[in-house]
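> any chance you could fold what I've pasted below:
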Amino acid sequence: MADTRTYGGYRTGGLWAAVGISFTAVLIGSGLALFLMLEYDERCSQGLVQGPGGLRGIRNQAFPPATVCEFEREEVSSLGNAWVLGALLWVALVVLVVCLFTALVADWFEPRPGDPLVEPRSRAEQVSRTGAAFFVTGSLFLLLYALAGWELFTGPSSACSASGDWGHHPPRTLEYSFFPPQATCQYESGTTEHLTSGWLSSLTALSALPALVAGVGFALARRRRREERRAAAPLSAPAEERSRELP
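This is a model prediction of the structure:
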């Protein structure tokens with residue numbers, strides 16, 4: 001009887017729907033922003049982008065994705081007049097983060113059935129739900145980590161020269177870290193730059209948070225399921241003994 005007992009879980013279907021919609025919006029919006037970045041840095045350096053004063057530098061902005069030309073008195077972004085796109089990206093990102101963490105943290109708890117926000121759910125179902133969430137978020141983290149830091153696993157001290165044929169003058173790896181995956185490379189000319197794009201390194205580190213939260217929910221669900229099975233074991237033993245005594 002204890003194995004089939006029904007418990008409660010918060011209704012998170014609406015939250016997961018919002019996560020899917022906002023994630024799609026972030027992907028599409030980021031794709032448009034990346035398209036606007038194409039060759040924008042070259043246009044800045046060639047003087048095709050006008051700004052107040054002389055050009056002081058060019059940098060890439062992590063989010064919303066954009067190339068920023070830094071002039072003496074103002075900055076000009078590749079988003080240009082598409083400020084609405086940047087605003088929508090921020091709104092979609094906030095909705096995504098809030099709904100994702102709310103849905104994942106909600107699975108930490110086991111409320112009593114009867115509340116409108118609570119639906120009946122067995123502990124076996126809870127293990128399946130939290131396991132699926134942990135698998136998806138964990139797989140996303142591992143994928144991003146592999147993309148951002150695969151050079152580090154070929155040899156941390158030679159990570160900067162792992163992605164090309166540099167001949168007799170490979171870049172030196174000055175310093176590196178495995179989390180977030182990053183390395184500082186020095187080239188023959190003396191210039192230094194990061195091995196991995198800053199936005200990818202930051203995104204990899206941030207993607208570990210939902211995987212961690214989902215992992216906590218999965219661990220709690222498995223512990224409750226084991227407790228349920230242990231509680232059911234003494235109750236099933238007398239029934240098995242009686243069945244053996246029957247002719």
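> which residues of this structure fall in strands?
7-10, 55-61, 66-71, 75-77, 118-121, 172-178, 181-186, 192-194 (DSSP state E).
> quick one: strands adjacent to the second one?
Using DSSP bridges, the strands paired with strand 55-61 are strand 66-71 (antiparallel).
> can you list the domains in this structure?
Segmentation of the chain into domains, based on automatic domain parsing, reads 8-121, 122-247.
> output these as JSON lines; include the columns mean pLDDT.
Shown next, in JSON lines, are the domains of the chain (pLDDT from 0 to 100):
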{"stretch": "domain 8-121", "mean pLDDT": "83"}
{"stretch": "domain 122-247", "mean pLDDT": "80"}
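> kindly reformat those as a markdown table containing mean neighbour count.
Quick note: C-beta positions are derived from backbone N, CA and C, even for glycine. Putting those into a markdown table (neighbours: other Cβ atoms under 10 Å) gives the following:
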| stretch | mean neighbour count |
| --- | --- |
| domain 8-121 | 15 |
| domain 122-247 | 15 |
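> chain center to the longest helix seen in the chain, what's the gap?
If you go by DSSP state H, the chain has its longest helix at helix 198-245. A distance of 23 Å separates the centroid of the chain from that of helix 198-245, by Cα atoms, centre = their mean, to the nearest Å.
> quick one: list the elements packing against that helix.
Contacts defined by 3 or more Cβ pairs under 8 Å, 6 or more residues apart in numbering; DSSP states H and E place helix 198-245 against helix 83-106, helix 123-153, strand 181-186.
> ok, the last one: who's next to it in the sheet?
I take that to be strand 181-186. strand 172-178 (antiparallel), strand 192-194 (antiparallel).
> contact partners of that strand?
The set of residues external to strand 181-186 that reach it, using Cβ atoms under 8 Å, 6 or more residues apart in numbering, is 145, 148-149, 151-152, 156, 159-160, 171-177, 192-196, 201, 204.
> setting aside sequence neighbours, what's the nearest residue to the one residue sitting closest to the centre of the chain?
Ranked by distance to the mean C-alpha position of the chain (Cα atoms, centre = their mean), the top residue is residue 207 at 2.6 Å. The spatially closest residue to residue 207, leaving aside those adjacent along the chain, is residue 141, at 4.5 Å (Cβ to Cβ, 6 or more residues apart in numbering).
> for that neighbour, give me its contacts.
Neighbours of residue 141 in contact, by Cβ under 8 Å, 6+ apart: 204, 207-208, 211.
> what's the closest of the residues you listed to residue 231?
Distance to residue 231, by Cβ to Cβ, is smallest for residue 211 among those, at 30.6 Å.
> now that closest one: how far from residue 110?
22 Å (Cβ to Cβ, to the nearest Å).
> and what of residue 175?
46 Å.
> what do you get for residue 184?
Distance from residue 184 to residue 110, by Cβ to Cβ: 47 Å.
> one more: residue 65?
According to Cβ to Cβ, residue 65 and residue 110 sit 41 Å apart.
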